[in-house]
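In: The following comprises the amino acid sequence and a computationally predicted model.
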Amino acid sequence: MDKKKVGRDNSGERFRLFQIEILAVLSALILIVTAFLDYVILKRSGAAMRENVSELIAANGRQLELNINSYFQRMETVSTLMFSDEDYYLYDETDSTIEEYDKVKSEENIKNRIVDIGLMENYSDFGIIYSDDHKVGWISHGTQDLFPDGGMYEVFSGYIVNDMKNDGWCFGINGNTDRMYYIKRLNPNAILVSSIYTRELSSVFIYPEQLDDMRIRMIDDSGKIVFSSVSDEIGQMLSEKIANELKRMDLDDNNKEDHNISTSIITDEYLINVNVCSNNWRVICSVPTRKILSENEALKSFTIRVSGCLAALFMFVGLFIVIRLSRPMDGMVSSLQERAAIDKLSGVMNKATFQEAVEARLTNPADNRYCVFVMLDMDNFKQVNDKLGHSYGDQVIIRVGRLLRRLYDTQTMIGRMGGDEFALYTECIDIPREEVVEAVTSQMDKVMEAFTEEFEVERVQCNVSISAGVYIAEPYDNDYSEVFNNADKALYESKHSGKSRYTFYKADM
């Protein structure tokens with residue numbers, strides 16, 4: 001045999017073996033690097049997913065807290081109207097020195113006042129209870145049936161725990177879960193009791209559709225569930241697992257200066273966010289951790305299969321995974337942030353988002369810029385709710401938001417400041433002030449005309465119109481509060497001058 005040929009064959013065999021060794025080493029290295037990168041990517045994506053969902057839930061919980069506080073504040077504010085005249089809150093039915101005729105007259109006046117106040121809200125109870133259980137106003141049969149043996153005054157008085165405001169909230173009285181009560185002391189022998197049906201809170205507890213696995217609860221001081229997105233839970237005690245986590249969070253809060261801030265915790269079972277309401281009741285949003293990480297688990301399985309079959313294409317597969325991972329997450333975050341920033345009823349910015357956006361623009365003044373801030377408020381909107389119903393009133397708010405979005409371009413920020421009050425903000429660059437005033441005047445004329453056409457039926461039935469106040473800020477006006485207040489003053493001038501008009505702010509207002 002030719003030794004040279006054998007040498008060439010051996011050299012070729014060694015080269016092939018060397019190639020195999022290189023491929024094996026490279027394959028092993030690729031597999032190790034792929035596995036390591038997969039681990040890092042999946043670990044980081046899981047953490048990022050938890051963090052993003054946690055932030056979204058916290059933002060939603062904060063918004064719910066604001067909505068609930070607004071609801072509670074409205075009840076408390078209405079109750080304080082009983083202090084407008086000392087004849088209402090100083091009258092003591094148990095005082096034997098008062099003549100019977102005077103008692104009848106006094107109670108008649110109080111009843112009339114209660115009727116006037118009670119018509120402002122959808123109360124199921126609104127009346128005064130005296131220490132002998134005598135009642136003035138309307139105390140529903142449902143509430144009276146809870147006390148077949150009397151003692152109503154004593155029970156409700158026990159819930160007045162706020163010494164500063166002489167008031168308190170309660171729920172689950174004698175096992176009843178249909179109502180939540182607000183109690184305020186009028187004098188040593190009289191308390192004002194008002195209540196609403198707990199089911200009405202469903203209009204406040206709104207949460208993003210993407211987080212359909214999230215459960216929202218509001219609990220009182222004892223841990224009893226006042227409201228839940230799962231109606232069967234109302235009136236029950238909070239589950240032991242979540243209650244134990246709240247105790248841990250409370251212990252952690254003892255080291256914080258502010259105990260009323262939003263608090264979140266992630267465990268193996270739940271992601272929990274807690275917000276404290278103005279009456280110390282708490283809003284609890286919880287999502288099972290496995291639901292949050294379900295997409296991540298599916299991604300893990302997919303990555304392992306791809307890594308095993310296509311190790312040589314690791315970089316391309318990794319890039320594909322990142323793209324597949326980031327796009328759904330970015331879309332979900334953008335959608336939820338947008339929902340959190342938009343007022344769900346009117347479709348424009350909510351108050352907090354509008355203020356934040358305007359403040360950001362005002363902090364960058366320019367010599368050639370005039371800022372236009374407009375406050376709009378519907379006249380006699382309460383008559384719409386009273387005559388046509390609150391649902392119809394909601395539709396009116398929706399139509400107002402739609403009308404403003406149609407009349408203004410995307411450069412104009414539109415916000416709902418609460419109730420039937422809206423605000424507009426836009427900027428005019430390189431335009432003289434006189435032309436800005438002319439342009440704003442023309443646009444406001446269009447708004448007034450368009451509103452009249454849109455709400456002609458409501459104008460005839462409820463005398464609805466719209467009033468506005470306009471403030472044109474100077475180039476270096478950067479104080480949001482001042483800009484807002486000046487526009488509000490101009491709006492007040494429109495209201496004071498007969499409504500259904502707009503007024504430009506003047507320094508002497």
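Out: Structure received.
In: Show me where the stretch 151-300 of the chain has its strands.
Out: Across the stretch 151-300 of the chain, reading from the start of the chain, the strands by DSSP state E, counting those that start in this stretch fall at 167-171, 179-187, 190-197, 215-219, 225-228, 263-266, 270-276, 282-288.
In: element containing the nearest residue to Phe422 once chain neighbours are set aside, please.
Out: Leaving aside its chain neighbours, Phe422 sits nearest to Leu376 (4.5 Å; criterion: CB to CB, 6 or more residues apart in numbering). (C-beta placed from N, C-alpha, C; glycine too.) Element membership for Leu376, per DSSP states H and E: strand 369-379.
In: what's that strand packed up against?
Out: If contacts are counted by 3 or more CB pairs under 8 Å, 6 or more residues apart in numbering; DSSP states H and E, strand 369-379 sits against helix 351-362, helix 390-407, strand 421-429, helix 433-454, strand 465-473, helix 480-496.
In: Make TSV from those and add distance to Phe147 to it.
Out: Formatted as TSV, the entries for these read as follows, by distance: least, CB to CB, whole Å:
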stretch	distance to Phe147
helix 351-362	41
helix 390-407	31
strand 421-429	41
helix 433-454	50
strand 465-473	48
helix 480-496	45
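In: Tell me which of these approaches Arg113 most closely.
Out: When these are compared by CB to CB, helix 390-407 sits nearest Arg113, at 23.2 Å.
In: What is the neighbour count of the residue nearest to Phe422?
Out: If you count neighbours by other CB atoms under 10 Å, Leu376 ends up with 27.
In: hey, what's it bridged with?
Out: When bridges are assigned using DSSP bridges, the partners listed for Leu376 are Phe422, Ala468.
In: ok, back up a step: would you mind telling me which of the strands of the stretch 151-300 of the chain is nearest Thr80?
Out: Once the strands of the stretch 151-300 of the chain are compared by CB to CB, strand 179-187 is nearest, at 7.7 Å.
In: Please enumerate residues in contact with that closest one?
Out: With contact meaning CB atoms under 8 Å, 6 or more residues apart in numbering, strand 179-187 is reached by 72, 75-76, 79-80, 82-83, 88-92, 124-125, 128, 142-143, 156-157, 159-160, 165-171, 173, 191-198, 226.
In: what angle do that strand and strand 190-197 make?
Out: 160 degrees (axes from the mean of the first three to the mean of the last three CA atoms, to 10 degrees).
In: Direction included, what does strand 179-187 pair up with?
Out: Taking DSSP bridges as the criterion, strand 179-187 forms sheet pairs with strand 167-171 (antiparallel), strand 190-197 (antiparallel).
In: So which of these is nearest Val276?
Out: Taking CB to CB as the measure, the strands paired with strand 179-187 were each checked against Val276, and strand 167-171 came out nearest at 13.2 Å.
In: Give me the residues contacting the closest one.
Out: The set of residues external to strand 167-171 that reach it, using CB under 8 Å, 6+ apart, is 72, 76, 79, 156, 159-162, 177, 179-185, 198, 220, 224, 226, 279, 281.
In: CA atoms of it as PDB?
Out: Taking Å, rounded to 0.1, in the frame of the first residue of the first chain, the C-alpha atoms of strand 167-171 are listed here in PDB:
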ATOM      1  CA  ASP A 167     -68.600  60.700  62.800                       C
ATOM      2  CA  GLY A 168     -68.000  57.100  61.700                       C
ATOM      3  CA  TRP A 169     -68.800  54.500  59.100                       C
ATOM      4  CA  CYS A 170     -70.200  51.000  59.600                       C
ATOM      5  CA  PHE A 171     -71.300  47.900  57.700                       C
END
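In: Report the rounded mean pLDDT for that strand.
Out: In this model, strand 167-171 has a mean pLDDT of 94.
In: ok, now stretch 220-227?
Out: Along stretch 220-227, the predicted local confidence has a mean pLDDT of 90.
In: That stretch: end-to-end distance?
Out: Counting by CA to CA, to the nearest Å, the length from the leading to the trailing residue of stretch 220-227 is 10 Å.
In: Tell me how far that stretch lies from the chain's centre.
Out: In terms of CA atoms, centre = their mean, to the nearest Å, the gap separating the centre of stretch 220-227 from the centre of its chain is 20 Å.
In: For that stretch, which residues meet the burial criterion?
Out: Within stretch 220-227, the residues that qualify as buried by neighbour count (16 or more other CB atoms under 10 Å) are Asp220, Lys224, Ile225, Val226, Phe227.
In: In a markdown table: the residues you listed, plus distance to Leu404.
Out: Compiled in a markdown table, the buried residues of stretch 220-227 are given as follows (distance: CB to CB, whole Å):
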| residue | distance to Leu404 |
| --- | --- |
| Asp220 | 40 |
| Lys224 | 42 |
| Ile225 | 39 |
| Val226 | 36 |
| Phe227 | 32 |
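In: out of those residues, which one sits closest to Arg501?
Out: Closest approach between the buried residues of stretch 220-227 and Arg501, by CB to CB: Phe227, at 42.3 Å.
In: Cool, thanks, signing off.
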